[in-house]
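Engineer: okay, sequence plus prediction incoming.
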Amino acid sequence: MVPSVLIVDDEKHTREGLQQALEESYDVTVAGNADEAFNLMESQEFDVILTDLRMPGGKSGLKVIDKALTMANRPAVIMMTAYGNIDTAVEAMKRGAVDFLTKPVNIERLEILVQRALKNKTLEVEVKQLHERLDEKFSIEGILGHSPKLEEVLERVRLVAPSKATILIEGESGTGKELIAQAIHQVSPRARAPFVAVHCAALSESLLESEIFGHERGAFTGATERRIGRFESADRGTLFLDEIGEITASTQVKLLRFLETKTVERVGGNKPLELDVRLVAATNRSLEKMVRDGKFREDLYFRLNVVRITLPPLRERTDDVPLLLGHFLKLFSAENELPPLVVDPAAMRHLQAYPWPGNIRELRNFAENVVVLQHGRRLTEFDLEPKFRGGAPVLALPSAATSGPLALPSGEPGSSNASELSAAWSATNDRTLSVEENEKRLLHEALVKARGNRTRAAQMMGISRRTLHRKLAQWPDLDVSDS
C-alpha cells in the first residue's frame with residue numbers, strides 16, 4: 001500500500017510544487033488552509049502531514065498538529081515555515097511534530113524526513129501491536145484453568161498488581177511462577193515499562209552480582225567496560241528474580257539494601273543509584289526452612305514476603321488437565337502444520353490420574369511429543385507410555401502355565417472388540433500381570449482372534465493400524481502373520 005501524504009499550505013505554487021516532488025512515491029493530497037485540512041483528515045487517513053506554520057483564517061499549522069494528535073491512526077506531522085527560528089521549532093516539537101523544515105524547502109531533505117517519519121510511524125505501530133499481544137498473552141484472562149485453587153491465585157494477583165508491594169511466589173518447578181509474575185506486571189500500572197527476568201540458579205556466584213547490579217570498568221578481571229545491571233534495566237518496571245533461594249550471602253545483603261533504600265550500587269562502584277523497581281521473587285524451596293537452617297537471611301525473607309502467592313501443583317488441579325492439554329495440542333499442531341490431535345476419553349482419564357511431577361512444563365513437553373510422534377491423529381490409551389497408565393486397573397490374564405490358547409468370544413473374525421477381549425480374560429484369569437505384559441497379551445490374542453489380519457486386529461483393539469505396526473515393531477515376537 002502506497003503511503004499517503006497531506007500537504008497543507010496557503011501558497012498555491014508551494015503546495016503544487018511539493019505535490020509534484022512527492023507524488024511519484026506517495027499518494028499526495030493538498031489543502032489550502034487548516035479548515036480544509038481538518039475536513040480531509042476526518043474523511044480519510046494520512047500517514048504523514050506536511051503543514052505550513054502561518055496560514056490565513058486564524059488557524060496556524062500548530063492547530064493542524066493538535067488535530068492530528070486526536071486522530072485514531074495518528075499521522076506524523078512535519079512543520080515548515082519561512083519564519084524558521086529556534087522558538088518556532090521547539091514549540092512545534094512540543095506540540096507533537098516529528099520534525100521541522102524551513103522554506104524554501106530542500107526537496108532532498110524533505111524526502112529524507114518523510115521516509116524517517118514513515119519508518120518511525122511503522123515502529124510505533126509495531127510497538128503498539130506488541131503491547132497488545134503481550135496484554136493478551138500475559139493477562140490474567142490468558143492463564144488457562146478454572147480450578148478453585150487457581151482462581152484463588154488469580155484473585156490474589158488482581159488485588160496485588162496495582163500496588164507497589166514486593167511479592168514472593170512459591171511453587172514447585174513447572175507450575176508457572178514466571179507466567180504469574182508476568183501477569184502481575186502486565187495488569188499493573190508498570191505494564192508499559194520493562195519486565196526483566198533473572199534466573200538466579202542459572203548464573204554462577206561470580207556472575208550473579210554483576211548481572212543483577214551491574215559493574216564498573218575495572219571492577220574485576222575481564223571488566224573492560226561498564227555494564228548496566230538488571231535492576232537499572234528494570235527501572236520504572238518489574239524485576240523478577242526466579243529461584244531466589246539460590247543467591248549468595250553477599251547478594252542477599254545487597255538485595256536487602258535495595259528493598260530498604262531503593263538504591264543499588266554497581267560492583268566496583270560507590271555511587272548509589274536510586275531506582276523505581278517493583279521486585280517479584282520466586283522459589284521452589286522453603287525459604288522458611290532455609291532461614292531456620294541459617295542459609296537465608298531472616299530480615300531479607302521478611303522484606304520479600306510482603307505478599308505471598310502459592311501456586312498449586314498440577315496434581316491438585318486435575319480438572320484443568322484437559323483444558324491445558326487441548327491448548328498445547330492445538331498450539332503444537334499449528335506450529336508443525338498438522339491436523340488437530342484428538343484424545344480419546346480413556347486416554348484423558350489416564351492423563352488426569354497421572355501425578356505430573358514436572359507440572360505444566362511436563363504437560364507441555366508431553367503435548368509437543370505426541371503431536372510430533374503420533375502417527376494417527378487420535379491418541380488412545382494404548383498409545384500412552386506405561387508410566388501414564390500406572391493408575392489404571394490391570395487386566396487379569398491367564399498365567400503362562402495355562403495350556404492352549406485363550407478362550408475368546410465367539411463370532412466372525414473382527415467382530416470382537418477390546419472390551420470383549422478384556423471380559424474374556426477377566427473370566428479366565430488366575431493372576432495379575434504388569435501393564436506392559438497385559439498390553440502384549442492383548443495384542444497377541446487380538447491377532448490370533450483376527451487370524452493374523454492386522455486391520456481387523458487394530459479395529460478390535462480400538463487403535464489405528466499404524467499404532468499396531470508400531471507396537472509390533474516394538475514386540476516383533478507377538479506377530480502371528482506376515483501380512
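Structural biologist: Noted; the coordinates are in hand. All values derive from a computational prediction rather than experimental measurement.
Engineer: tell me the mean pLDDT over the strand or helix carrying residue 467?
Structural biologist: Here residue 467, judged by DSSP states H and E, is contained in helix 465-474. The predicted model assigns helix 465-474 a mean pLDDT of 80.
Engineer: try stretch 103-112
Structural biologist: Across stretch 103-112, pLDDT averages out at 88.
Engineer: can you show me the strands along the stretch 151-300 of the chain?
Structural biologist: Secondary structure of the stretch 151-300 of the chain by DSSP state E, counting those that start in this stretch: the strands cover 167-170, 195-199, 214-215, 227-228, 238-242, 263-264, 273-274, 278-283.
Engineer: the last one pairs with which strands, parallel or anti?
Structural biologist: Meaning strand 278-283. Strand pairing for strand 278-283, using DSSP bridges, gives strand 167-170 (parallel), strand 238-242 (parallel).
Engineer: go on, the fourth one?
Structural biologist: When pairing is defined by DSSP bridges, strand 227-228 lines up against strand 214-215 (antiparallel).
Engineer: what is the rounded mean pLDDT of the strand it pairs with?
Structural biologist: For strand 214-215, mean pLDDT is 90.
Engineer: what pLDDT does residue 146 get?
Structural biologist: Listed pLDDT for residue 146 reads 89.
Engineer: give the burial count for the closest residue to residue 273 other than its chain neighbours, as a bare number.
Structural biologist: Leaving aside its chain neighbours, residue 273 sits nearest to residue 264 (5.4 Å; criterion: Cβ to Cβ, 6 or more residues apart in numbering). (Glycine included, C-beta is placed from N, CA and C.) Residue 264 has 22 neighbours, counted by other Cβ atoms under 10 Å.
Engineer: which residues touch residue 264?
Structural biologist: Residues counted as contacts of residue 264 (Cβ atoms under 8 Å, 6 or more residues apart in numbering) are 213-214, 229, 231-232, 254, 257-258, 272-273, 275.
Engineer: just residue 295 next, same as before
Structural biologist: By Cβ under 8 Å, 6+ apart, the neighbours of residue 295 are residue 245.
Engineer: one more: residue 73?
Structural biologist: Counting by Cβ under 8 Å, 6+ apart, residue 73 touches residue 45.
Engineer: gap between it and residue 22?
Structural biologist: For residue 73, the distance to residue 22 equals 20 Å [Cβ to Cβ, to the nearest Å].
Engineer: with residue 293 instead?
Structural biologist: 73 Å.
Engineer: out of the two, which sits in the more crowded spot?
Structural biologist: residue 22 (20 against 9).
Engineer: give me the pLDDT for the nearest residue to that one once chain neighbours are set aside.
Structural biologist: Nearest non-adjacent residue to residue 22, counting by Cβ to Cβ, 6+ apart: residue 28, 5.2 Å away. As predicted, residue 28 sits at a pLDDT of 93.
Engineer: so how many other residues sit close to residue 28?
Structural biologist: Neighbours of residue 28 (other Cβ under 10 Å): 22.
Engineer: SS state for it?
Structural biologist: strand (DSSP: H, G, I helix; E, B strand; the rest coil).
Engineer: residues touching it, list them.
Structural biologist: Going by Cβ under 8 Å, 6+ apart, residue 28 touches 4-7, 18-19, 22.
Engineer: dump the strands of the stretch 151-300 of the chain to JSON lines, plus distance to residue 328.
Structural biologist: As requested, those are arranged in JSON lines below (distance: least, Cβ to Cβ, whole Å):
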{"stretch": "strand 167-170", "distance to residue 328": "22"}
{"stretch": "strand 195-199", "distance to residue 328": "22"}
{"stretch": "strand 214-215", "distance to residue 328": "38"}
{"stretch": "strand 227-228", "distance to residue 328": "36"}
{"stretch": "strand 238-242", "distance to residue 328": "22"}
{"stretch": "strand 263-264", "distance to residue 328": "39"}
{"stretch": "strand 273-274", "distance to residue 328": "42"}
{"stretch": "strand 278-283", "distance to residue 328": "22"}
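Engineer: relative to residue 442, which of the ones you listed is closest?
Structural biologist: Among the strands of the stretch 151-300 of the chain, strand 167-170 comes nearest to residue 442, with 43.9 Å by Cβ to Cβ.
Engineer: what are the contacting residues of the closest one?
Structural biologist: Against strand 167-170 from outside (Cβ under 8 Å, 6+ apart): 160, 177, 180-181, 184, 244, 279-284, 287, 304-311.
Engineer: repeat the analysis, applying 10 Å as the threshold.
Structural biologist: 153, 156-157, 160-161, 175-181, 184, 238, 240-242, 244, 278-288, 301, 303-311 (Cβ atoms under 10 Å, 6 or more residues apart in numbering).
Engineer: over to stretch 338-353?
Structural biologist: 314-315, 318-322, 325-326, 329-330, 332-334, 363, 366-367, 370-372, 374, 376-384, 387-392, 418, 462-463.
Engineer: hang on, the earlier thing: buried subset of the contacts of residue 264?
Structural biologist: Applying 16 or more other Cβ atoms under 10 Å to these, the neighbour count classes 213-214, 229, 231-232, 254, 258, 273, 275 as buried.
Engineer: closest one of these to residue 354?
Structural biologist: Nearest to residue 354 among these: residue 231, at 40.9 Å, using Cβ to Cβ.
Engineer: please report the distance of the nearest residue to residue 215 once chain neighbours are set aside from residue 297.
Structural biologist: Once flanking residues are discounted, residue 215 sits nearest to residue 267: 3.9 Å by Cβ to Cβ, 6+ apart. Separation of residue 267 from residue 297 (Cβ to Cβ) stands at 19 Å.
Engineer: so who does residue 275 touch?
Structural biologist: Listed by Cβ under 10 Å, 6+ apart, the contact partners of residue 275 are 229, 231-236, 239, 258, 262-264.
Engineer: please name the nearest non-neighbouring residue to residue 55.
Structural biologist: The nearest residue in space to residue 55 (Cβ to Cβ, 6+ apart) is residue 10, at 4.5 Å.
Engineer: burial count for that neighbour?
Structural biologist: As a measure of burial, residue 10 has 16 neighbours, counting by other Cβ under 10 Å.
Engineer: how about the strands paired with strand 278-283 in TSV, adding distance to residue 477?
Structural biologist: Formatted as TSV, those follow (distance: least, Cβ to Cβ, whole Å):
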stretch	distance to residue 477
strand 167-170	50
strand 238-242	49
